[in-house]
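**Q** Provided below are the primary sequence and the corresponding predicted coordinates.
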Amino acid sequence: MNQFINPDSPLMRFITKIACSVYLNILWFVCCLPVVTAGASTTALFYVTLKMAKNEEGAVTKEFLRAFRQNFKPATKIWLILCGLGAVLAFDGYVFYHMRFENVFWTIAAAVFLVALAAYFIILMYIFPLLARFDNTVTAMFKNSILLGMRFIFCTALMSAIYFLMALVIIRVFTPAILFGEGLCALLCSYLLSNILKLCEQQNIREEPPIQI
């Protein structure tokens, strides 16, 4: 029994990290309120949760705010690009949904749209964790997000499931879960991404990698 209540036990450390993720979610939500700062806020969130996944976290608030300031410009640029691409995809999706035709052209166009939509969600899941760990150009960040998402497809599927289940819980089961939803998702995804990003760091040290991390 003492193993479970011991503050240094793996279980208690994990519970502590869950509690920190709730606090981080509040920080993330507040810093997202101007909307245009959502990219910087998400990057800061992953900066801290990736450290938590490696047991390297320090002062959570201080680290979050420092990462927010340091990555503000590139994260905001990426976020605005993603917003523009998202608006285009949303419009295309609306058109495809309301203009269904039974011909080869519509089928091919719909297939291309679905591939583009999948690529967009892969970028959303990977680009801010990448920005939290690496310095690179915006173009390289987009490219690397796609390459990593395709290379580590099992991780991509698990991350997609995490976000989907959390969205399902918030929409259908317990709406107040939004108070900790993104923070918890970021923490769980950081555990999945930790070894992948470490592999990228090692590859970057050894050679000029095909993935431009």
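**A** That came through, no problem. Numbers count the residues shown, from 1 in each chain.

**Q** which residue is nearest the centroid of the chain?
**A** With distances taken as C-alpha atoms, centre = their mean, the residue of the chain nearest its centroid is Met125 (3.7 Å).

**Q** What separation do you get for it and Val173?
**A** 23 Å (C-beta to C-beta, to the nearest Å). Bear in mind the C-beta positions are built from the backbone N, C-alpha and C, glycine included.

**Q** Could you report the neighbour count for the residue nearest to Arg133 when sequence neighbours are not counted?
**A** Sequence neighbours aside, Leu197 is the residue nearest to Arg133 in space, at 5.3 Å (criterion: C-beta to C-beta, 6 or more residues apart in numbering). Neighbour count of Leu197, defined by other C-beta atoms under 10 Å: 21.

**Q** how about the helix or strand hosting Leu197: buried residues?
**A** Following DSSP states H and E, one finds Leu197 within helix 181-206. Across helix 181-206, burial judged by 16 or more other C-beta atoms under 10 Å covers 181-194, 196-197, 200.

**Q** How about the helix or strand harbouring the residue nearest to the centre of the chain, which residues are buried there?
**A** Secondary-structure assignment from DSSP H and E places Met125 in helix 104-133. Going by neighbour count (16+ other C-beta under 10 Å), the buried part of helix 104-133 is 110, 119, 122-133.
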